[in-house]
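A.B. asks: Provided below for reference: sequence and predicted model.
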Amino acid sequence: MPALSTGSGGDTGLYELLASLPAQLQPHVDSQEDLTFLWDMFGEKSLHSLVKIHEKLNYYEKQSPVPMLHGASALADDLAEELQSKPLNSEIRELLKLLSKPNLKALLSVHDTVAQKNYDPVLPPMPDDIDDEEDSVKIIRLVKNREPLGATIKRDEHTGAVIVARIMRGGAADRSGLIHVGDELKEVNGIPVDDKKPEEIIRILSQSQGAITFKIIPSVKEQTSSKEGKIFMKALFDYDPSEDKAIPCKEAGLPFRKGEILQIMSQDDATWWQAKLEGDTNPRAGLIPSKHFQERRLALRRSDVQVQPLKISNRKSSSFRRSFRLSKKDKKTNKTMYECKKSDQYDTADVPTYEEVAKYRRQPHEKYRLIVLVGPVGVGVNELKRKLLISDSQHYGVTVPHTTRPRRSQESDGVEYIFISKHLFETDVQNNKFIEYGEYKNNYYGTSIDSVRSVLAKNKVCLLDVQPHTVKHLRTLEFKPFVIFIKPPSIQRLRETRKNAKIISSKDEKSAAKPFQEEDFQEMIRSAQIMESQYSHLFDKVIVNDDLTTAYNELKTTFDKLEREAFWVPVSWVHS
Ligand SMILES: Nc1ncnc2c1ncn2[C@@H]1O[C@H](COP(=O)(O)OP(=O)(O)OP(=O)(O)O)[C@@H](O)[C@H]1O
């Protein structure tokens, strides 16, 4: 900041400096709101008067007047006493009269105080009959510009008193440090508020500019959480306070979008938390619904609307089909398709609201994070996996699926598939050893949790494609999955880019790869929309597979970042 000009010097230097400050600070102030605050503050009359007093005192201090004596009052008393014993002439009588006048006595007393530099106020003695129950009253004077006060009030149901219900973190009231939750409001600018409705008081407050005086009875205790400002939540839903009928003050609400990170500034109120968007420099927090409150009202809303669970049958709809077919040696296994047992329903019990998160960056000695790819059938998940494997087979790996079908002559156990008996497969299902499994032509197929572990144990990045409802089971401290949604482009772009591409048609019992039909594109887009609407809160990244090379490069860039940068993950993955 450049040195501030101190004006033409002399006695008025400070006063001039004050007047010129807003203009000089203007280039360094970004928001109009801050600038208005500066203008108002430096233009405040009481501040100017204070500065004038300061300058006068400064002037006399420079003169350094030395008091002749420190006890003028006592001297006056002694003099009066002595004069009483003298013969009284008219002059002595006049002097005695003067010395007994209360204003002269007060003047001499002030003189002594200044001469002795004894400025501490003399407190009256404590009365003996003090009432312990009596409330002490605090008078607070705040200078307020157009910024809201950052406090809400309510009437106490039992006592009828008007009390401060909430102080917005970082707001004007909070920054003053003088008003606290639970304080009882008695007067605003000398107007008693006992008989006023909270709305009337709010009107008085919003109409006041400049200095505003409160008379309050301080609350007994005010607790501040030690965790304040250290909790971060990922928003799993969009929130617009202007459309929220329940919020106590719409203006105090903080809008946010799904996926944004919120810094929780206060959880004192069970229904309304205070939060800031992570990285936002504005110190003022806004109101957001608490996790508990949001879950409760969403659950209520859901029970109102009859949710129709999606009935998914592989034979009819290709939407959620996901094959276990990327066994690297065997392209023919592409034909392996079956109904996935776990895909017939989706969770209606989960109500996504917030997830507590913390920053995490993989350390070189740690296993790679599991890469989970999700997307509608035919969008190109396997194509992208194939390209990654070809690019660096030492770095990337895929799981080997289990099957109960007989091994063919050209196949080796543990390469194309891990061949096991039906009995063993069923036991493993019972023991929750599979991430996903299904049945096709009387044989079971499945991806086991151990097959993921074995790829990671080789210090490879494991690429796993699953149906989206499976993702939540994979979200563990062990796998720390990074979930990427591969999204189709517009139907027009699908027609243009997939002219020579082939899909394994789910409607064809023979499951042969066929050129894409118009209905395949429509189905792809429809199922992508359903996936997004139900599961987008679980996606860490969305990549649109329009041009294949571009999508592939974006995937690679994402992986590079994953190695270099810290990412928000569920807090339990960091502090275990
Ligand atoms: N961006 C793209 N541009 C053109 N063709 C593409 C693109 N992405 C994928 N394809 C082609 O689309 C077809 C289907 O892709 P792929 O088999 O990878 O889909 P998938 O999502 O794995 O489907 P499934 O769920 O059936 O396994 C393949 O022929 C593939 O080469």
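C.D. replies: The structure has been received and is ready for your questions. Because the structure is a prediction, the values reported are computed rather than measured.

A.B. asks: got the contact list for stretch 445-454?
C.D. replies: 324, 336, 338, 370, 399-405, 417-418, 425, 428-429, 433-439, 462, 464, 466, 479 (C-beta atoms under 8 Å, 6 or more residues apart in numbering). C-beta here means a position set from N, CA and C on the backbone, and glycine is covered the same way.

A.B. asks: likewise stretch 174-186?
C.D. replies: 135, 137-138, 140, 142, 150-151, 153, 161-168, 173, 192-194, 201, 214-222, 268, 283.

A.B. asks: which ones among those residues are found in strands?
C.D. replies: 138, 140, 142, 151, 153, 162-167, 192, 214-217 (DSSP state E).

A.B. asks: out of those, which is most surrounded?
C.D. replies: Ile167 (27 neighbours; other C-beta atoms under 10 Å).

A.B. asks: check contacts around that residue.
C.D. replies: 150-151, 173-174, 179-181.

A.B. asks: just the ones in strands among the contacts of stretch 174-186 that are near the ligand?
C.D. replies: Contacts with the ligand are made by none of the ones in strands among the contacts of stretch 174-186, judged by C-beta under 6 Å from any ligand atom.

A.B. asks: of those residues, closest to Lys250?
C.D. replies: Arg166 (14.1 Å; C-beta to C-beta).

A.B. asks: on that earlier part again, now the contacts of stretch 445-454: which count as buried?
C.D. replies: With burial judged by 16 or more other C-beta atoms under 10 Å, the buried subset of the contacts of stretch 445-454 is 324, 336, 338, 370, 399-405, 417-418, 425, 428, 433-438, 462, 464, 466, 479.

A.B. asks: and Val66, how far is that from Tyr60?
C.D. replies: 12 Å (C-beta to C-beta, to the nearest Å).

A.B. asks: between the two, who's got more neighbours?
C.D. replies: Tyr60 (9 against 6).

A.B. asks: any buried residues in the helix or strand encompassing that one, and which?
C.D. replies: Assigning secondary structure by DSSP states H and E places Tyr60 in helix 45-63. For helix 45-63, burial by neighbour count (16+ other C-beta under 10 Å) applies to Val51.

A.B. asks: contacts only, for Ile191.
C.D. replies: Ile204.

A.B. asks: let's go with 10 Å and repeat that
C.D. replies: 200-201, 204, 213, 215 (C-beta atoms under 10 Å, 6 or more residues apart in numbering).

A.B. asks: from those, pick the one nearest Thr557.
C.D. replies: Ile201 (55.0 Å).

A.B. asks: ends of stretch 201-213, what's the gap?
C.D. replies: Terminal residues of stretch 201-213 are spaced 13 Å apart (C-alpha to C-alpha, to the nearest Å).

A.B. asks: quick thing: my sequence starts at 39, can you match it?
C.D. replies: In the new count, where the first residue is 39, that last one comes out as stretch 239-251.

A.B. asks: now do it: everything it contacts.
C.D. replies: 78-79, 81-85, 177-184, 186-187, 189-191, 193, 200, 210, 223, 225-229, 231, 234-235, 252, 287.

A.B. asks: which members of those residues are classed as buried?
C.D. replies: Buried among the contacts of stretch 239-251 (16+ other C-beta under 10 Å): 78-79, 82, 180-183, 186-187, 189-191, 200, 210, 223, 226, 231, 234, 252, 287.

A.B. asks: pretty sure Gln560 contacts Gly416?
C.D. replies: No - contact criterion C-beta atoms under 10 Å: Gln560 and Gly416 do not qualify, at 11.4 Å.

A.B. asks: backbone dihedrals for the one residue in the stretch 339-488 of the chain that gets nearest to the ligand, please?
C.D. replies: Closest approach between the stretch 339-488 of the chain and the ligand, counting by C-beta to the nearest ligand atom: Gly418, at 2.8 Å. The phi/psi pair for Gly418 (degrees, to the nearest 10) reads phi 120, psi 20.

A.B. asks: list the contacts of Ala210.
C.D. replies: 75, 180-183, 185-189, 217, 250, 322.

A.B. asks: what sits against the residue nearest to the spatial centre of the chain?
C.D. replies: Central residue of the chain (C-alpha atoms, centre = their mean): Leu300, 1.5 Å from the mean position. Residues near Leu300 by C-beta under 10 Å, 6+ apart: 269-273, 277, 292, 294, 311-316, 318, 323-324, 326, 392, 395.

A.B. asks: which helix or strand contains it?
C.D. replies: Counting by DSSP H and E, Leu300 is found in strand 299-304.

A.B. asks: same question for Arg339.
C.D. replies: Using DSSP H and E, the element containing Arg339 is helix 329-342.

A.B. asks: next, the buried residues of that helix.
C.D. replies: 329, 331-333.

A.B. asks: quick one: it to strand 299-304, angle?
C.D. replies: Relative orientation of helix 329-342 versus strand 299-304 (axes from the mean of the first three to the mean of the last three C-alpha atoms, to 10 degrees): 120 degrees.
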